[in-house]
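>>> next one to model:
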Amino acid sequence: MPINANKLAMSRLRKKACVALFLFTLFIFGTMMGLRTLKPSDGFSDLAPGMERAPFAAERAERRAETESDVSDTKIVFSNSGHEHSIFYDIHIFYYLWYGAPQTDRGYIHWDHVLVPHWDPKIAASHPKGRHSPPEDIASSFYPELGPYSSRDPHILESHMAQIEAAAAGVVVLSWYPPGVADEHGEPTEDLVPAVMDAAHRHRIKVAFHIQPYRGRTELSMHENIKYIIDKYGKHGAFYRFKSSTGKVLPLFYVYDSYLTPPEAWAELLTSRGSHSLRGTPYDGIFIALIVEERHKHDILASGFDGMYTYFASNGFSFGSSHQNWKAVKAFCDRNNLLFVPSAGPGYVDTAVRPWNNHNTRNRVNGRYYETSLQAALSVRPDIITITSFNEWHEGTQIERAVPKKTVTRLYLDYKPHQPDLYLELTRKWAEQFSKEKEQWLM
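Below you'll find the predicted structure:
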């Protein structure tokens with residue numbers, strides 16, 4: 001019995017050793033195969049040196065090469081202080097330069113905005129008049145974390161670009177007036193553009209131009225404006241260019257209140273047969289018009305524009321800004337080879353400057369309004385989504401950091417129960433979601 005027991009024990013031990021050896025061999029084989037199937041991150045080459053590239057890998061490599069030059073229409077992943085950050089060049093955010101403060105300007109500018117009277121004297125009579133008195137009373141329903149600042153302050157510009165980078169928005173769409181020209185409540189700001197572009201460049205952000213409807217704007221003056229912008233800023237590292245579906249790489253311009261100029265006048269500038277056409281010249285571009293009313297889509301097409309955007313953050317305010325219409329507008333654009341660029345916003349409240357306009361207020365609902373707006377934009381599969389806005393404080397569309405504030409006469413709205421960076425975080429979340437969905441569309 002002891003001898004048989006020993007033999008049995010030895011037999012069992014050999015079986016266990018064989019099983020263990022087999023499992024170990026299987027583990028090594030599985031590990032090696034797993035390592036071979038791992039993809040490198042976006043920061044490294046997809047293929048070993050000397051290997052022929054597959055079409056998809058070549059496309060990705062070309063996209064990265066474009067990103068590293070002046071062309072930026074998709075995504076970049078880069079290292080910043082040892083951490084990896086993504087920034088998305090198909091998320092464009094409207095940005096305003098019109099603010100002033102006594103430290104750097106003649107006084108408060110725009111923060112002291114007048115209370116705009118209603119055009120009907122009977123309605124106007126029932127609302128307050130006058131203007132705001134900063135710093136305690138500003139022309140906004142929210143209060144900025146940075147206080148009523150000056151756009152000329154380099155520290156403010158740096159903070160803004162850091163916030164926009166944190167939000168993963170790759171393109172600042174700069175509200176622009178020609179040299180010496182300003183909106184009726186402000187002062188000229190064109191001299192600030194180089195500082196904005198330098199600050200943006202430090203954060204790998206690009207800059208596009210949002211041309212405003214200054215007095216005397218015509219297709220002829222626009223020709224000069226485009227020439228001026230491209231000549232002065234076209235070689236800057238932050239200057240934004242868009243790669244269209246046809247492969248063209250051109251500067252992109254948004255034209256606010258484009259409907260103020262008739263289609264036949266725009267056609268002289270934006271069609272190849274026009275008397276002073278930009279097409280095919282060094283000043284050609286991608287020109288995006290504002291759609292407010294439904295009829296504007298036909299005017300935009302006849303004008304020779306390359307696309308249309310909606311701008312307003314108040315769902316239902318206009319035909320263009322109504323989410324329910326975006327699918328039909330996108331279909332029209334697709335049929336006519338136009339870009340459709342929906343504009344998403346966190347809410348809307350402009351009663352600090354238009355006290356009679358509370359029927360257009362759209363409450364933020366702790367970020368839910370913004371997410372609904374962004375989801376509506378994604379659902380039509382656009383090439384670009386615009387955000388209204390980073391810092392249009394008068395209309396309460398800002399995603400810039402805001403803080404609670406109460407004074408003797410004012411109780412400001414805020415982002416509570418969330419932190420001041422709530423809307424920056426939501427923007428990044430949806431920018432990442434947009435990128436993921438785009439990859440699925442392409443598949």
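
>>> surely Arg428 touches Ala168?
Yes: contact status for Arg428 versus Ala168: in contact at 4.2 Å, counting by Cβ atoms under 8 Å. Yep, even glycine has a C-beta here, placed from its N, CA and C like the rest.

>>> all helices for the chain, in order.
2-37, 55-68, 121-124, 154-166, 193-202, 219-233, 263-270, 296-303, 326-335, 368-379, 422-442 (DSSP state H).

>>> mean pLDDT lowest where, among these?
For the helices of the chain, mean pLDDT drops lowest on helix 55-68, to a mean of 34.

>>> distance of the nearest residue to Ile123 once chain neighbours are set aside relative to His127?
Nearest residue to Ile123, sequence neighbours excluded (Cβ to Cβ, 6 or more residues apart in numbering): Trp356, at 5.7 Å. As judged by Cβ to Cβ, to the nearest Å, Trp356 and His127 stand 5 Å apart.

>>> now for these two: what residues contact both?
Common neighbours of Trp356 and His127 (criterion: Cβ atoms under 8 Å, 6 or more residues apart in numbering): His118.

>>> tell me the span between the first and last residue of stretch 89-109.
Length of stretch 89-109, first residue to last, Cα to Cα, to the nearest Å: 31 Å.

>>> low-confidence ranges in the stretch 101-250 of the chain?
Within the stretch 101-250 of the chain, no range satisfies pLDDT under 70.

>>> tell me where it has strands.
With DSSP state E, counting those that start in this stretch as the criterion, the stretch 101-250 of the chain has strands at 169-176, 206-211, 241-243, 249-255.

>>> which one, of these, ends up nearest to Leu146?
Checking the strands of the stretch 101-250 of the chain against Leu146 by Cβ to Cβ gives strand 169-176 as the closest, at 16.8 Å.

>>> list the helices and strands that closest one packs on?
With contacts taken as 3 or more Cβ pairs under 8 Å, 6 or more residues apart in numbering; DSSP states H and E, strand 169-176 sits against strand 83-95, helix 193-202, strand 206-211.

>>> off-centre distance for that strand?
Per Cα atoms, centre = their mean, to the nearest Å, the displacement of strand 169-176 from the mean C-alpha position of its chain is 7 Å.

>>> next one: stretch 194-211
With Cα atoms, centre = their mean as the basis, stretch 194-211 stands 12 Å off its chain's centre.

>>> buried set for it?
Of the residues in stretch 194-211, those buried by neighbour count under the rule 16 or more other Cβ atoms under 10 Å are 195-201, 203-211.

>>> and what of stretch 431-442?
431, 434-435, 438.

>>> who's in contact with the nearest residue to Ser258 once chain neighbours are set aside?
Leaving aside its chain neighbours, Ser258 sits nearest to Ala289 (3.9 Å; criterion: Cβ to Cβ, 6+ apart). Neighbour list for Ala289: 255, 258-259, 296, 300, 303, 305, 307-309 [criterion: Cβ under 8 Å, 6+ apart].

>>> then His210?
94, 173-176, 253-254, 256.

>>> switch to 7 Å and redo it
Listed by Cβ atoms under 7 Å, 6 or more residues apart in numbering, the contact set of His210 reads 94, 173-176, 254, 256.

>>> name the member of these with the most neighbours.
Tyr254 (28 neighbours; other Cβ atoms under 10 Å).

>>> partner residues bridging it?
His210, Ile288 (DSSP bridges).

>>> could you measure from it over to Tyr240?
Applying Cβ to Cβ, the value for Tyr254 to Tyr240 is 11 Å.

>>> what is in contact with those two at once?
Between them, Tyr254 and Tyr240 share the contacting residues Ala208, judged by Cβ under 7 Å, 6+ apart.

>>> still on that earlier bit, can the contacts of Ala289 go into a markdown table with extra columns for distance to Ile164 and neighbour count?
Supplementary listing: the contacts of Ala289 in a markdown table, determined by distance: Cβ to Cβ, whole Å; neighbours: other Cβ atoms under 10 Å:
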| residue | distance to Ile164 | neighbour count |
| --- | --- | --- |
| Val255 | 22 | 27 |
| Ser258 | 25 | 26 |
| Tyr259 | 29 | 20 |
| His296 | 29 | 21 |
| Ile300 | 28 | 28 |
| Ser303 | 31 | 25 |
| Phe305 | 26 | 26 |
| Gly307 | 23 | 24 |
| Met308 | 24 | 29 |
| Tyr309 | 18 | 28 |
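
>>> can you lay out these as a markdown table showing distance to Gln324?
A markdown table is the format used below for the contacts of Ala289 (distance: Cβ to Cβ, whole Å):
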| residue | distance to Gln324 |
| --- | --- |
| Val255 | 25 |
| Ser258 | 23 |
| Tyr259 | 21 |
| His296 | 17 |
| Ile300 | 20 |
| Ser303 | 25 |
| Phe305 | 23 |
| Gly307 | 20 |
| Met308 | 17 |
| Tyr309 | 17 |
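
>>> ok, how many other residues are close to the closest residue to Trp430 other than its chain neighbours?
Leaving out its chain neighbours, the residue that sits closest to Trp430 by Cβ to Cβ, 6+ apart is Leu374, at 4.3 Å. Burial measure for Leu374: 24 neighbouring residues, criterion other Cβ under 10 Å.

>>> just the one 4 residues further on next, same as before
Here the neighbour count serves as a burial measure; for Leu378 (other Cβ under 10 Å) it reads 17.

>>> how much space between it and Thr427?
Leu378 sits 13 Å away from Thr427, going by Cβ to Cβ.

>>> is it true that the residue nearest to Trp430 touches Ala344?
Yes: between Leu374 and Ala344 a contact is recorded at 4.7 Å, counting by Cβ atoms under 7 Å.

>>> per-residue pLDDT, the closest residue to Ser322 other than its chain neighbours?
Take Ser322 and drop its neighbours on the chain: the residue closest to it by Cβ to Cβ, 6+ apart is Gly316, 5.2 Å away. At Gly316, the pLDDT value in this model is 96.

>>> please save the CA atoms from stretch 319-329 in CSV.
Listed in CSV are the C-alpha atoms of stretch 319-329, where the atom choice follows Å, rounded to 0.1, in the frame of the first residue of the first chain:
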residue,chain,number,x,y,z
PHE,A,319,-36.8,80.1,-37.3
GLY,A,320,-33.0,79.5,-37.5
SER,A,321,-32.5,79.2,-33.7
SER,A,322,-35.4,76.8,-33.3
HIS,A,323,-34.0,73.3,-32.7
GLN,A,324,-37.1,71.7,-34.4
ASN,A,325,-36.1,73.3,-37.7
TRP,A,326,-32.5,72.2,-37.8
LYS,A,327,-33.1,68.9,-39.5
ALA,A,328,-34.9,70.5,-42.4
VAL,A,329,-32.3,73.3,-42.7
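
>>> nothing else from me, thank you.
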